[in-house]
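**Student:** take a look and give me a structure for this.
(chains A and B)
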Number of protein chains: 2
Amino acid sequence: MNIKEITQKVKSDSFRMAALPEDLRNGALKRIAEALLENKTAIFSANSEDLSRGEENGLSSPMMKRLLFDEKKLAEAIDGIHSLIALPDPLFQTTLNRRLDDGLVLRRVTCPIGVIGVIFESRPDALIQIASLCLKSGNCAVLKGGSEALGTNKALYDIIYEAGLASGIPEGFLTLIETRADIGELLDHHESIDLIIPRGSNEFVQYIMNRSKIPVMGHADGICHIYADADADAEMALSVIRDSKTQYAAVCNAAETLLVHQKIAPVLLPALAAKLPDVELRGCEKVRAVIPCSAADETDYATEYLDYILSLKIVGSLDEAIAHINKYGSHHTDCILTENSKAAERFMLLVDSAGVYQNCSTRFADGYRYGFGAEVGVSTGKLHARGPVGLRGLVTYKYRLYGHGHIVADYAEGRKKFNFKDLD
Amino acid sequence: MNIKEITQKVKSDSFRMAALPEDLRNGALKRIAEALLENKTAIFSANSEDLSRGEENGLSSPMMKRLLFDEKKLAEAIDGIHSLIALPDPLFQTTLNRRLDDGLVLRRVTCPIGVIGVIFESRPDALIQIASLCLKSGNCAVLKGGSEALGTNKALYDIIYEAGLASGIPEGFLTLIETRADIGELLDHHESIDLIIPRGSNEFVQYIMNRSKIPVMGHADGICHIYADADADAEMALSVIRDSKTQYAAVCNAAETLLVHQKIAPVLLPALAAKLPDVELRGCEKVRAVIPCSAADETDYATEYLDYILSLKIVGSLDEAIAHINKYGSHHTDCILTENSKAAERFMLLVDSAGVYQNCSTRFADGYRYGFGAEVGVSTGKLHARGPVGLRGLVTYKYRLYGHGHIVADYAEGRKKFNFKDLD
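**Tutor:** Numbers count the residues shown, from 1 in each chain, chains lettered A, B, ... in the order given. You can find the predicted model right below:
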């Protein structure tokens, strides 16, 4: 079958997915977790082949780390599936139940989005997360993983697909696309694919967004800020800044820019330089008058380093910090360090980002850490889903209207009047 | 100012809009309602000029009817504003309040989308609805109305803008774009505009969707179906079909296709032909064996007539009806006529549309009739907002995270464990 036929088949199965009862979906997840464990030898063997090939091709050490799928990653993935099973069903939830008039009842009921295309990087555990989130939420997933993990992905896919089918889930629930050439074709089938979630480099996500008519959910940049307010606790500030910058520098929720209120700069900046000896600091003129460091320019403030580099700027006020973040930021996650709750409230209201934090690390921006069980990605868009996207972001709703022959002419011509009442 | 400068100014004001307290926004709405009433002579006079020009230019009679803005339309618009004031604030609502660990609290709080561009047809009352919905939800609106209503729109805009400013709302809350050429430029400024809502013809909406990187919310087609099930009440069916087709034929929520179960076709179809003498019926071969009518082809089932034409098809089962609707429909609003609640449930689960109805007219798909006060449009997209879009569809949310120096390293390295608990 070509991509067009495949996506049409998936689309047609997606309607059946929308009606699968919760116990069938949870039962399949349980069986998938068991099958992964039973077939772990095959998975690890496929993974060592991918790792050898990666080493031959000279993959970087962070890349090799992401590619590795071992006992620990498997145990985490299986834990993840069990916590998903335990979460409440995102489907068939009534979020509005309103009587419009005698005998005319409106309900808003959640349902799957339909067919979701996910293009993800070289982390085999991402395949398990995405497949299980989509299954729990009644969506069909069409997956394309990084080519470095080809063998591991294929092994994982085969196990999950067979276990799903054996549990009574329609075939179209999970499809693996293997060649990069197919991505372009996938993007053309907006009649069959409801949503694309691209994960990967800024350039790659931009390419997908510009290329497709299908709605795209995700983020290109992660330029996260920390603003150390005049009323920041200096010791806490140092610890949170270090964690935000260095706990895992190569990810989207790591901090890239530190804004410091002029009042605490003379105390905070020297202590920071001492606390982060392995981070290259790049500051504005005012910063360089306090500590020695290289100069930051406009480009720095608009750059996602994904590395041990931090740009610094001294600001004269909370509002100057907010304006900087709204101008240079990527609307991902930004944090204020302050003991002043009024300043925190103003920051949270006025900073236009998916995550607005007080006194904690930007690295908390993650579906697992939010208690969502897992995530398919992080959205910096403002529509539908913002921030880490878990089950809630994978469903939409329908309006159901139940009547007894109600017609609009009666209301338009004044014979009847609406009588709205929200029911329990 | 050129469009770029205008949209940048609006964007910058949009951050301030996000913090305006409810009483300020409601106070402005009250003042706007008063100002519209006080200045009605100026509005009606601008409208008669538009009407004269329309007559000279030979506008059709439905177009002239939409263009008319008289005492009745004004009273309805003012009623609409008062019902919006009475609705609960869509902003600052906490929709998730979760303790992640001791002293680390996550909240999901609603906030405005930001800057919304609305391009609407020649109905001056739409300007009032859109402006007041956006103001209540803390959004800045950039409006472009139909050129036929230029004078009326300008009069309404001036009154609403002045009343808003006098109530303390930032200037950028409402902008009127007057020339069609500016639309193209507006679509280029995705850094300043968060959402485009186009209303109008299928071709126009398609043009906007293909032309812009900005997310678009709305619908192109409204191909609504009625399926008369084997267990339909024939008398109720005739009344609901007539209302859905003829109560206002030129709108998106009017029915275009009637699917009839073969069991009730011999009874229903002749009665329908008698009940709808002014509607042109186009049927499949099986229909034409029961009643005389012209032939329907594939094109008919994919056409939004917006006219006194109804395509008809006889189906052998509920599932055949569902498959037809999912294939030819536009995912707007579709209705089953049946006394069988199992059939209704199956129809509602499997039909992939924003509105799925039982035993009532498709014409109920409207924000006012759903009790939303008003609507900015109807969305056939599945992301963010589906169906009539009122206040709820005009807000998004931020995740706020409140900590006390919490860092991720503690959790990643096993010194602390998450302890999720949803708070009241």
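**Student:** what is the helix or strand of chain A with the lowest mean pLDDT packed up against?
**Tutor:** Least confident element among the helices and strands of chain A, by mean pLDDT, DSSP states H and E: strand A:387-389 (a mean of 79). If contacts are counted by 3 or more Cβ pairs under 8 Å, 6 or more residues apart in numbering or on different chains; DSSP states H and E, strand A:387-389 sits against strand A:377-379, strand B:395-406. Every C-beta, even on glycine, is put in place using the N, C-alpha and C of the backbone.
**Student:** residues contacting the first one, please?
**Tutor:** With contact meaning Cβ atoms under 8 Å, 6 or more residues apart in numbering or on different chains, strand A:377-379 is reached by A:118, A:197, A:199, A:217-219, A:222, A:252-253, A:332, A:354, A:365-367, A:385-389, A:393.
**Student:** returning to what we had before: quick one: which of the helices and strands packed on strand A:387-389 is nearest A:Cys293?
**Tutor:** Closest to A:Cys293 of the helices and strands packed on strand A:387-389, according to Cβ to Cβ: strand B:395-406, at 24.9 Å.
**Student:** next, the buried residues of that closest one.
**Tutor:** Neighbour counts over strand B:395-406 (16 or more other Cβ atoms under 10 Å in any protein chain shown) mark B:Val395, B:Thr396, B:Tyr397, B:Lys398, B:Tyr399, B:Arg400, B:Leu401, B:Tyr402, B:Gly403, B:Gly405, B:His406 as buried.
**Student:** residues from the stretch 251-400 of chain A in reach of chain B?
**Tutor:** Those residues of the stretch 251-400 of chain A that sit near chain B, judged by Cβ under 8 Å from any Cβ of the partner chain, are A:322, A:326, A:344, A:346, A:348-350, A:352-361, A:363-365, A:369-371, A:381-388, A:396-400.
**Student:** returning to what we had before: any chance of the buried residues of strand B:395-406 in CSV, plus pLDDT and distance to chain A?
**Tutor:** As requested, the buried residues of strand B:395-406 are exported to CSV (pLDDT from 0 to 100; distance: Cβ to the nearest Cβ, whole Å):
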residue, pLDDT, distance to chain A
B:Val395, 81, 9
B:Thr396, 82, 4
B:Tyr397, 78, 6
B:Lys398, 81, 5
B:Tyr399, 77, 5
B:Arg400, 83, 5
B:Leu401, 86, 4
B:Tyr402, 83, 5
B:Gly403, 85, 3
B:Gly405, 83, 4
B:His406, 87, 4
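**Student:** the helix or strand hosting A:Leu96 - contacts with which helices or strands?
**Tutor:** Here A:Leu96, judged by DSSP states H and E, is contained in strand A:94-101. Applying 3+ Cβ pairs under 8 Å, 6+ apart, we find strand A:94-101 packed against strand A:104-112, strand A:395-406, strand A:421-422.
**Student:** same for the longest one, what does it pack against?
**Tutor:** I take that to be strand A:395-406. The helices and strands touching strand A:395-406, judged by 3+ Cβ pairs under 8 Å, 6+ apart, are strand A:94-101, strand A:104-112, helix B:234-246, helix B:341-350, strand B:355-360, strand B:387-389.
**Student:** state the three-state secondary structure for the residue of the stretch 1-150 of chain A found nearest chain B.
**Tutor:** Closest contact between the stretch 1-150 of chain A and chain B, by Cβ to the nearest Cβ, is at A:Ala19 (4.5 Å). Recorded secondary structure, A:Ala19: coil (DSSP: H, G, I helix; E, B strand; the rest coil).
**Student:** picking that back up, and the least confident helix or strand of chain A, how far from the chain's centre?
**Tutor:** Offset of strand A:387-389 from its chain centre (Cα atoms, centre = their mean, to the nearest Å): 4 Å.
**Student:** list the neighbouring strands of it plus their orientation.
**Tutor:** Paired strands of strand A:387-389, with direction, are strand A:377-379 (antiparallel) (DSSP bridges).
**Student:** quick one, what contacts the closest residue to chain B within the stretch 251-400 of chain A?
**Tutor:** Using Cβ to the nearest Cβ, the closest approach of the stretch 251-400 of chain A to chain B is made by A:Cys360 at 2.7 Å. Going by Cβ under 8 Å, 6+ apart, A:Cys360 touches A:Val240, A:Cys335, B:Leu104, B:Leu401, B:Tyr402, B:Gly403, B:His404, B:Gly405, B:His406, B:Ile407.
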